[in-house]
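Visitor: quick one: sequence and predicted model below, then my questions.
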Amino acid sequence: MLSSAIRIPRSTVVPATKNHTATLFLFHGSGGNGEDFKDWMDILNRHELTFPHIKIVYPTAPIQPYTPNGGMPSNVWFDRNAISIHVPEVKHSVDIMCNKASELIEKEIASGIPINRIVVGGFSMGGCLSLHLAYRFQQSIAGCIAMSAFLNDESHVYETLESDQGKSLPELLQFHGNLDGIVPLDWGRKTFDFLQKGGVKGTFIPLDSTEHEITPKELNQFKDWLLKKLPEEKS
């Protein structure tokens with residue numbers, strides 16, 4: 001599939017309730033969409049997730065062939081050889097979508113939001129996309145949140161960090177359930193350890209009695225961290 005034919009078809013946007021001075025991008029997992037991810041976060045939050053000064057953008061992945069699904073089309077950010085930490089990344093597929101997501105980030109910057117007032121985050125495959133964005137494509141953003149996500153052993157993220165030693169990098173907040181049967185906890189912890197070796201500073205939070213999911217407790221920790229990274233600016 002040609003890169004020109006791949007695009008992010010739409011985004012669900014939650015405006016800041018007062019003065020918009022920061023933006024959060026949240027990327028859903030494979031097979032999902034932005035609307036469903038927003039609904040999930042709102043249910044966990046017990047009301048619509050909003051902030052007085054932070055706009056939330058929930059993009060939807062394009063429909064494209066997905067190898068782990070027998071090549072059948074699905075809403076996915078990129079293709080994978082398999083859902084495994086041990087296989088090579090499909091770099092061209094990841095890069096196409098990182099460039100498309102970067103266009104969304106650059107639109108925010110063009111509208112007046114400083115790059116250091118932007119955070120990216122996501123669940124599962126969306127978390128993986130966020131890691132590539134934060135540590136390969138958009139290293140000047142404020143932070144990255146990865147939930148139930150992993151990077152492959154020979155990830156190009158690690159390669160980039162090795163060549164960019166000494167750079168100031170976005171802070172990482174990473175969550176992972178200890179009962180995750182799709183993305184094992186060890187994959188998430190190994191990813192965090194490799195990122196730390198590459199110069200990434202952050203926090204890894206294992207979640208007890210948690211499967212491949214987001215929990216209300218996790219969301220509350222997420223919100224607390226986000227508001228420290230992107231505090232409301234005094235007028």
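Guide: Looks like it came in fine. Note that the structure is predicted; figures quoted are calculated from it, not measured.

Visitor: mind listing the helices for this structure?
Guide: 34-45, 91-110, 125-132, 156-163, 185-197, 216-229 (DSSP state H).

Visitor: quick check, residue 146 in contact with residue 174.
Guide: Yes. With contact defined as C-beta atoms under 8 Å, residue 146 counts as touching residue 174 (4.6 Å). C-betas here are computed from N, CA, C, even on glycine.

Visitor: quick check: closest non-adjacent residue to residue 11.
Guide: Distance criterion C-beta to C-beta, 6 or more residues apart in numbering; nearest residue to residue 11, sequence neighbours excluded, is residue 59 at 4.4 Å.

Visitor: neighbours of that neighbour, how many?
Guide: Residue 59: 26 surrounding residues under other C-beta atoms under 10 Å.

Visitor: ok, residue 41 - how many residues close by?
Guide: 19.

Visitor: for residue 229, same thing?
Guide: So residue 229, with other C-beta under 10 Å, has 21 neighbours.

Visitor: ok, it to residue 106 distance?
Guide: 20 Å (C-beta to C-beta, to the nearest Å).

Visitor: intersection of neighbour lists for residue 146 and residue 174?
Guide: Counting by C-beta atoms under 8 Å, 6 or more residues apart in numbering, the shared contacts of residue 146 and residue 174 are 127, 188, 191.

Visitor: do you know the pLDDT at the residue nearest to the second one when sequence neighbours are not counted?
Guide: Leaving out its chain neighbours, the residue that sits closest to residue 188 by C-beta to C-beta, 6+ apart is residue 176, at 3.5 Å. Residue 176 is assigned a predicted lDDT (pLDDT) of 98.

Visitor: list the contacts for residue 176?
Guide: 147-149, 183, 185, 188-189, 204-207.

Visitor: please flag which of those sit within strands.
Guide: 147, 204-207 (DSSP state E).

Visitor: follow-up on the earlier one: residue 146 and residue 174: which is more packed in?
Guide: Each of residue 146 and residue 174 has its neighbours counted (other C-beta under 10 Å); residue 146 has more, 30 against 24.

Visitor: give me the beta-bridge partners of that one?
Guide: residue 122, residue 174 (DSSP bridges).

Visitor: show me the contacts for it.
Guide: Taking C-beta under 8 Å, 6+ apart, one finds 121-122, 127-128, 130-131, 172-175, 188, 191 in contact with residue 146.

Visitor: let's see that with 7 Å instead.
Guide: 121-122, 127, 130-131, 172, 174 (C-beta atoms under 7 Å, 6 or more residues apart in numbering).
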